[in-house]
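Asker: got a predicted structure here, sequence first:
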Amino acid sequence: MTGVLAPPPQGSDLKAVPGVPGIPYIGNTLSVMRDPIGQARKRYDAYGPVAWGWLLGQRTCTVQGPEAAEVVLVNRDKAFANGPAWSYFIGPFFNRGIMLLDFEEHLHHRRIMQQAFTRPRLRAYMDAMAPGIVKGLDAWEPGPDFKVYDHLKQLTLDLAVDVFMGVELDRAERDRVNGAFVDAVRAGTAYVRFPVPGLRWQKGLRARKVLEEFFYRHLPAKRRDGGDDLFAALCQAETDDGHRFTDEDVVNHMIFALMAAHDTTTITLTTMAYYLAKYPEWQERLRDESRALGKPRPGYDDLDAFTGIDMVMKESLRMVAPVPALPRKVVKDTSILGFHVPAGTVVVVPMLSNHHMAEWWPDPERFDPERFSAERREDKAHKYAWAPFGGGAHKCIGLYFAGMQVKTILHQVLQRYRWSVPARYEWPLDTTSLPSPKDGLPVRLDRLETP
């Protein structure tokens, strides 16, 4: 049964948002989670770029394409709030992280936090990462069933702990923290959104307590001793007029930043590994590029030389956006591309499917890193055609750190290993939360001669 979201104001030239609400509360949730790109295509073909339906218990307006994404993400009339939308999904688990704040409060926190991502800080983080990358990769055991996702997730968490926290943790505590982050992230897309023992929501609430205890325990020493890590930077940072983060602010931002730093980077690196296994000619091309650098460890200023890695990274971010959808809550009546969207509506920008729209990307299902070459730059068709890091005031604050980490890790992997998958292998991608391979991406991993 079709229906409109809300009648437009009398006398306006706005249109009502069309859609198929489906069953209240459940609506399209199951089909969207199983096949987000296919369902988005069907919705676009049937209703155009702006349509609504029930999703995860909310009346949700999905806006497709870069023009609609720009309206929402740039948010010129301040009609779209980040916090209330994300809080519904992850608020209990990532309370008051930078992405869950809005308007003046968000800008205030962002100004302080930006001091943790200056160029000197990034150089220090890169230096701090180097030993951990070598240690982590050298411990990989080659074989015919090497689970890429599992190993990369462990590596990026270890690096995030080293670089962002600057504390020594034993394996048991690292595993406990990693498990807590997994449970907290997965809880955001729980069907049952109250604490039933054994289900995702309850596990997420328990995980939040583990993470809070962990950071509060280490905070006094970090306030006292300082350091070159993110934890110290957040403890020490202050604005020109003397504003600093409270202990509660530091803990909230650390929990969110550590999740964002290792989960999204893991997804990006895993996607790159998958396509480099499927297209070995690209793997060899990137390996030649890395070897041409002439040194095992790149410096910060060497990263621009990795043009091939950069293209593969961008194409992988297009194929599988690590954050597949960006929700916003409408805080006052507004319009999107001529459609009336009333206050209280949840609006979702589906980056995962936006990056697969044939209207903007020729042959969108084909892995083609040359799209991002200087000669083609298909991403320049529209400012928001390619937006894996979001946009506007809430554009990812750690995007340069993420690119630095991806390039540094892949450079080291390429020099140590060659990996492959069977010719007809297609990974089973789980899109019920942040996208990840259900099988852990098993590859044949072979060690190369030490460069």
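Answerer: Sure thing, it's come through. Residues are numbered from 1 along each chain as shown.
Asker: can you tell me the helix or strand for the residue nearest to Met254 when sequence neighbours are not counted?
Answerer: Once its chain neighbours are removed from consideration, Met254 has its nearest residue in Phe215; the separation is 5.2 Å (CB to CB, 6 or more residues apart in numbering). Every C-beta, even on glycine, is put in place using the N, C-alpha and C of the backbone. Secondary structure here is read from DSSP states H and E; on that basis Phe215 sits in helix 200-225.
Asker: average pLDDT for that helix?
Answerer: Mean pLDDT, computed over helix 200-225, is 91.
Asker: okay, buried residues for it please.
Answerer: Buried residues in helix 200-225, defined by neighbour count with 16 or more other CB atoms under 10 Å: 200-208, 211-212, 214-215, 218-219, 222.
Asker: and stretch 89-108, how far apart are its ends?
Answerer: Stretch 89-108 has an end-to-end distance of 24 Å (criterion: CA to CA, to the nearest Å).
Asker: check the average confidence over it, would you?
Answerer: Across stretch 89-108, the per-residue pLDDT values average to 85.
Asker: off-centre distance for that stretch?
Answerer: The chain centroid and the centroid of stretch 89-108 are separated by 16 Å, computed with CA atoms, centre = their mean, to the nearest Å.
Asker: for that stretch, buried residues please.
Answerer: 89-102, 106.
Asker: and the contacts of that stretch?
Answerer: Contacting residues not belonging to stretch 89-108 are listed as 56, 78, 81-83, 86-87, 109-110, 113, 184-185, 187-189, 204-205, 207-208, 239, 243, 248-249, 252-253, 255-257, 259-260, 327, 393-394, 397 [CB atoms under 8 Å, 6 or more residues apart in numbering].
Asker: now, which of the residues you listed lie within helices?
Answerer: Counted as lying in helices by DSSP state H, out of the contacts of stretch 89-108, are 83, 86-87, 109-110, 113, 184-185, 187, 204-205, 207-208, 248-249, 252-253, 255-257, 259-260.
Asker: look at Leu434 and report its pLDDT.
Answerer: The per-residue pLDDT reported for Leu434 equals 83.
Asker: can you give me the neighbour number for it?
Answerer: Applying other CB atoms under 10 Å, we find 20 other residues in the vicinity of Leu434.
Asker: same question, Ala358
Answerer: For Ala358, the count of nearby residues is 10 (other CB under 10 Å).
Asker: in which helix or strand would I find it?
Answerer: Element membership for Ala358, per DSSP H and E: none, as it lies in no helix or strand.
Asker: gap between it and Pro49?
Answerer: For Ala358, the distance to Pro49 under the criterion CB to CB, to the nearest Å works out to 14 Å.
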